[in-house]
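> Structure for this input, please:
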Amino acid sequence: MKKNVTLKDIAERVGVSAVTVSKALSDKDGVSDEIRKTIKEVANELGYRYGNNTVLQCESGNIGVVIANRFVREDENAFYLKMYQNLVQALARYNFYGIMEIVTSKDEKELVMPKLLENNKVDGLILLGQFSSSYTDMLIHAEQNVLLLDYYDKKQSVDAIISDSVYGSYKATNYLISNGHKRIGFVGSIFATNSILDRYIGYYKALIESSLDVEKKWILEDRDEEGNLIEILLPDLNDMPTAFVCCCDKVCYILVKKLKAMGYKVPEDISVVGYDNFIFSTLSTLKFTTVDVDIEAMTEAAADLIIKKVRGQHHTTGMKIIESKLIIRESVCKVNNK
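Residues are numbered from 1 along each chain as shown. Down below sits the predicted model:
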């Protein structure tokens with residue numbers, strides 16, 4: 001049986017990387033005209049079919065899923081592992097496999113290419129969670145079929161599937177306001193990820209529309225620059241909010257434990273809302289009011305779009321926003337102008 005020609009085969013003949021071959025055959029920048037011409041000549045000689053900006057090689061049947069190490073550490077990994085699990089199931093319906101590779105902080109900073117791309121094992125690439133803009137840019141230029149899942153990069157022209165974090169947080173904050181809360185804080189390092197920033201924007205929008213103050217002293221950090229969770233430093237005890245909007249359920253869980261240790265009753269003294277509707281929202285006896293991220297809808301949309309890209313089918317480039325839903329439980333109390 002004749003062996004299928006791969007990008008790696010062409011790369012070895014020309015003496016360049018598989019990434020360079022992919023760029024050349026896809027007519028992307030970063031390859032000299034001379035090298036591009038040589039690569040195409042070798043591709044034709046070996047019977048490797050390409051054209052119309054899409055390499056028409058035989059499908060490997062694999063989609064690469066790369067994620068930063070900071071999103072899959074210890075018990076913090078549950079949300080994204082669940083998203084990956086759903087994504088694998090969605091891809092399987094198209095007879096494709098999802099193969100995960102975890103990128104370390106060091107490799108991300110040093111712009112080290114994932115081995116999935118170096119070895120030409122995949123037909124497309126889904127970037128899950130969030131990467132730096134420079135790392136995202138490198139991967140976009142290295143692989144023609146790229147999709148961002150659960151984040152976006154405003155500097156790049158690339159498809160993205162995200163949850164509606166702005167409106168989700170807006171709904172959660174308005175729910176607190178409808179229960180009489182006027183002094184509302186936010187817990188989350190707002191520049192850590194797109195999602196946290198968008199959730200802060202939704203919180204901010206709800207407050208200013210209700211003519212309520214956005215107090216800087218009530219915006220609390222929850223993680224450092226490496227994505228490690230840090231101790232939440234609460235405001236002065238004489239100037240506490242009556243409620244907090246948290247960037248995720250885990251942070252909400254940590255906050256509630258800290259408030260209770262300080263003698264506060266939740267929600268009688270201080271109300272809280274979380275985000276994600278995942279494990280931590282129902283882990284304690286107090287079930288959190290939270291915002292549901294529709295993981296199934298996000299992964300279905302991601303699988304559909306990446307397969308269309310791989311098969312050269314027409315699709316609209318841009319950002320697809322999946323609606324989020326407020327889940328009302330037990331962590332919010334009504335107040336009267338507290």
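> CA only for contacts and neighbour counts going forward, please
OK.
> quick one: secondary structure of V65?
strand (DSSP: H, G, I helix; E, B strand; the rest coil).
> How about the contacts made by it?
84, 98-101, 125-128 (CA atoms under 8 Å, 6 or more residues apart in numbering).
> Bridge partners for it, pull those for me.
Counting by DSSP bridges, V65 forms beta bridges with M100, I126.
> For I126, see how far away it is.
According to CA to CA, to the nearest Å, V65 stands 5 Å off from I126.
> buried stuff in stretch 86-102?
Buried residues in stretch 86-102, defined by neighbour count with 16 or more other CA atoms under 10 Å: 86-91, 96-101.
> Looking at those, which is nearest S331?
N86 (28.8 Å; CA to CA).
> My read is that the closest one contacts M298, right?
No - in this structure, N86 is not within contact of M298 by CA atoms under 8 Å, at 9.2 Å.
> Please work out how many residues are found near H315.
10 (other CA atoms under 10 Å).
> part of a strand, is it?
No - secondary structure of H315 (three-state DSSP): coil, not part of a strand.
> list the contacts for K23?
Counting by CA under 8 Å, 6+ apart, K23 makes contact with 29-31, 141-144.
> Distance from the helix or strand encompassing it to the middle of the chain?
Element membership for K23, per DSSP states H and E: helix 18-25. Relative to the chain's own centre, helix 18-25 is displaced by 27 Å; criterion: CA atoms, centre = their mean, to the nearest Å.
> Buried ones in the helix or strand following it, by neighbour count?
Downstream of helix 18-25, the next assigned helix or strand under DSSP H and E is helix 33-46. Buried residues in helix 33-46, counted by 16+ other CA under 10 Å: 36, 39-40, 42-43.
> Scan the helices and strands of the protein for the one with the lowest mean pLDDT.
strand 54-55 (a mean of 44; mean pLDDT, DSSP states H and E).
> Strands of the protein, residue ranges please.
50-51, 54-55, 62-68, 97-103, 124-128, 146-149, 159-163, 184-187, 219-220, 243-246, 271-273, 290-292, 319-322, 325-327 (DSSP state E).
> If I average pLDDT within each of those strands, which one is lowest?
Lowest mean pLDDT within those: strand 54-55, a mean of 44.
> out of everything not next to it in sequence, what's closest to C248?
Nearest residue to C248, sequence neighbours excluded (CA to CA, 6 or more residues apart in numbering): Y275, at 4.2 Å.
> Number of residues surrounding the one you found?
The burial count for Y275: 31, using other CA under 10 Å.
> That one contacts Y253, doesn't it?
No - using CA under 8 Å, Y275 makes no contact with Y253, being 10.7 Å away.
> Can you say which of the contacts of K23 are buried?
Looks like the contacts of K23 have 141-144 buried, using 16+ other CA under 10 Å.
> for those residues, which one is nearest D153?
Distance to D153 across the buried ones among the contacts of K23 (CA to CA) is lowest for H141, with 14.0 Å.
> V335 and S271: what is the separation?
Distance from V335 to S271, by CA to CA: 10 Å.
> circling back: what's the closest of the buried residues of stretch 86-102 to C247?
N86 (22.5 Å).
> Kindly state the domain boundaries assigned to the protein.
Under the assignment automatic domain parsing, the domains of the chain span 7-55, 62-163+295-322, 165-293.
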